[in-house]
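Asker: build the 3D model from these lines:
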Amino acid sequence: MTTQSQGAKRILIASDDAELNGALARLLDEYHSIVSDDGTAETILREGQRHDGVRLVLVANSGADACALDALQAVRRQRSDLAFVVLSRHPTIEVAAESIRRGAEDFVPVPYSGEIVRKEVARILEAAELRDRIEHLDRFVAARYGFERVISCSPRMRAVFDRSNAAARSDTPVLIIGETGTGKELIARAIHANGRRARRAFVPINCAALPRDLIESELFGHRRGAFSGASTDHPGLFVSAHDGTLFLDEISELPLEAQAKLLRVLQNGEVRPVGGLDSRRVDVRIVAATNRSLVQLRDRDMRQDLFFRLSVLVIEIPPLRERREDLPLLAAHFLAATRDRGAGHGTNLDPVALDLLTGYPFPGNVRELENMIEGLSVTLPLDRTTIGADDVRAWLERRGVSAMPQASDATGVPLRLAALEAWAIGEALKHAKGNKTAAAHILGISRDTLYRKLHDLGIDVEASEDLTSSESLTDRPIH
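Answerer: The predicted model follows:
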């Protein structure tokens, strides 16, 4: 066995015919061929493992073509990525047909035309390179939009991942519910990237941003001359997403008339452009999202028939304030991402600063945290790499939130989560002058949730009306 070059290995010539091996190696010397005087499956697999760059095997057996075919079939079971060309000094139509049936790219009789062999080898290697690029692109898409990009250690997010994985395995309509900034589009992209339509288009559209008089045109397309300004045909988003996924963000913002037309498309699988006479069939997977609750959607903001059509599989993303255990992970991720982009030089977040953030409700959720981390990292003095408590306090005060309590003077240990939560509720009540609806709005929670938290903290609901000046909730015992 000899090696023609120590460079990139692309072709393995495997045959017990020394004369044939030498002629092929000279003919294909630009591909840095590896030559083996044994065409058995064991040898091909061993050489293929030793040389990662092998993408094509030229296999032959001087005695019996059946041996080469058996080797081809055995190797293909374990290495489907290898392409094969079978060469034969005793070619027959039967052997050629059997070669192709067992997975060979081509069958070449010997003697052969050098020009034909070179062209065929170039074609096969070009196709292999294209497959490699597609696989690389698939891995890139999976890494960029896969579920692993959703950073969380929260048990509540585990349920989101489980339902999202289930959604990726089917074409069932999905309705994603979550507050602004919770990552609804990130989940939608992950569902698409991990499903059978991953290689097709993912077309996102914010329904709230569509002009009312152009909604139908944007979704379903229009013909030239259908209305003033329609100078050319426009395919529409459904056609653009054919065989892929259409992500309808803020679906509840669509007017009821547009919802009715959307429902008709979902039921019939056909779109008719504005000004057109003919309908066109489309195969589109729908993922919709909204920041409204299920009750609001069903009873007020959406046609019930469309709601039931879209809510086959519902994924509810909890707000950041309900998964505070994710704060350290997210903060570290955003710091690293900001640094990698060259936008800031912060490397870590002081533990006291992190404790302060734990008491902030983050009405803008993960997006607000990301913007905060980037902003503080960018403005950090050049002689510092750690975002400190004072940096966070200044950021909070710019948003009208009073500075949070210092760590204990006696121990230097930051306050517990329950104490920070009690403090935040007390501050909100003081700002709202005891108005619980306004306080709940400041905290970014519902009025019912505020009442529940007051009850959990052992605070009399009526007595809390008096917490507007001298007394703080953190002065009371926490149960």
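Asker: for Ser446, which non-adjacent residue is spatially closest?
Answerer: Distances taken as C-beta to C-beta, 6 or more residues apart in numbering place Ala440 nearest to Ser446, at 6.0 Å, with adjacent residues excluded. Every C-beta, even on glycine, is put in place using the N, C-alpha and C of the backbone.
Asker: so who does the one you found touch?
Answerer: Counting by C-beta atoms under 8 Å, 6 or more residues apart in numbering, Ala440 touches Ala428, Ser446, Arg447, Thr449, Leu450.
Asker: need the max-distance pair from the residues you listed.
Answerer: Across the contacts of Ala440, the longest distance by C-beta to C-beta is 13.2 Å; it joins Ala428 and Ser446.
Asker: between these two, who's got more neighbours?
Answerer: Between Ala428 and Ser446, counted using other C-beta atoms under 10 Å, Ala428 has the larger neighbour count: 24 against 13.
Asker: which residues touch that one?
Answerer: Ala439, Ala440, Ile442, Leu443.
Asker: return the closest of those residues with respect to Leu69.
Answerer: Out of these, the member with the shortest distance to Leu69 (by C-beta to C-beta) is Leu443, at 73.1 Å.
Asker: that closest one - how many residues pack around it?
Answerer: For Leu443, using other C-beta under 10 Å, the count is 23.
Asker: ok, which stretches of the stretch 51-200 of the chain are strands?
Answerer: With DSSP state E, counting those that start in this stretch, the ranges of strands along the stretch 51-200 of the chain come out as 56-60, 83-88, 106-109, 174-177.
Asker: tell me which other helices or strands the last one touches.
Answerer: Which is strand 174-177. Contact here means 3 or more C-beta pairs under 8 Å, 6 or more residues apart in numbering; DSSP states H and E; on that basis strand 174-177 packs against helix 184-193, strand 285-290, strand 313-316.
Asker: what's the mean pLDDT across stretch 16-34?
Answerer: For stretch 16-34, the mean per-residue pLDDT is 86.
Asker: how far off centre is that stretch?
Answerer: Put simply, stretch 16-34 sits 45 Å off its chain's centre (C-alpha atoms, centre = their mean, to the nearest Å).
Asker: re earlier: can I get the contacts of Ala440 in CSV with secondary structure and distance to Ala193?
Answerer: Listed next are the contacts of Ala440 as CSV, based on DSSP: H, G, I helix; E, B strand; the rest coil; distance: C-beta to C-beta, whole Å:
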residue, secondary structure, distance to Ala193
Ala428, helix, 40
Ser446, coil, 33
Arg447, helix, 39
Thr449, helix, 34
Leu450, helix, 38
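Asker: ok, so of those, who is nearest Leu262?
Answerer: Ser446 (29.5 Å).
Asker: and the closest one, its phi and psi?
Answerer: Backbone torsions for Ser446, taken as degrees, to the nearest 10, come to phi -80, psi 160.
Asker: from Thr180, how far off is it?
Answerer: Look at Ser446 and Thr180: by C-beta to C-beta, to the nearest Å, they are 16 Å apart.
Asker: again with Asp326
Answerer: For Asp326 relative to Thr180 (C-beta to C-beta), the value is 17 Å.
Asker: so which of these two has more stuff around it?
Answerer: Remark: of Asp326 and Thr180, Asp326 carries more neighbours, 21 against 13, as counted by other C-beta under 10 Å.
Asker: isn't that one right up against Cys153?
Answerer: Yes - the criterion here is C-beta atoms under 8 Å, and Asp326 meets it with Cys153 at 6.3 Å.
Asker: from the contacts of Ala428, which two are the most distant?
Answerer: Longest span within those, C-beta to C-beta: Ala440 and Ile442, 7.3 Å.
Asker: how about the helices in the stretch 351-479 of the chain?
Answerer: Applying DSSP state H, counting those that start in this stretch to the stretch 351-479 of the chain gives helices spanning 351-358, 365-379, 389-398, 417-431, 436-443, 447-456.
Asker: show the pLDDT at the closest residue to Asp283 other than its chain neighbours.
Answerer: For Asp283, ignoring the flanking residues on the chain, the nearest one in space by C-beta to C-beta, 6+ apart is Asp243 at 5.5 Å. We have a pLDDT of 92 for Asp243.
Asker: over to Arg200?
Answerer: 89.
Asker: so who does the nearest residue to it once chain neighbours are set aside touch?
Answerer: Distance criterion C-beta to C-beta, 6+ apart; nearest residue to Arg200, sequence neighbours excluded, is Gly244 at 3.4 Å. When contacts are counted by C-beta under 8 Å, 6+ apart, Gly244 touches His192, Arg197, Arg200, Ala201, Phe202, Val203, Val284, Arg285.
Asker: try Ala188
Answerer: Val174, Ile176, Phe202, Pro204, Thr245, Phe247, Val287, Ala289.
Asker: need the residues you listed in CSV (columns: neighbour count and distance to Gly276).
Answerer: Below are the contacts of Ala188 laid out as CSV (neighbours: other C-beta atoms under 10 Å; distance: C-beta to C-beta, whole Å):
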residue, neighbour count, distance to Gly276
Val174, 28, 29
Ile176, 28, 32
Phe202, 21, 26
Pro204, 17, 25
Thr245, 24, 24
Phe247, 26, 25
Val287, 29, 26
Ala289, 25, 29
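Asker: TSV for the residues you listed, including distance to Gly114?
Answerer: Listed next are these as TSV, based on distance: C-beta to C-beta, whole Å:
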residue	distance to Gly114
Val174	56
Ile176	59
Phe202	47
Pro204	52
Thr245	49
Phe247	53
Val287	54
Ala289	60
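Asker: so how far is Phe202 from the residue nearest to Arg200?
Answerer: Counting by C-beta to C-beta, the separation of Gly244 from Phe202 is 6 Å.
Asker: who touches both of these two?
Answerer: In contact with both Gly244 and Phe202: His192, using C-beta under 8 Å, 6+ apart.
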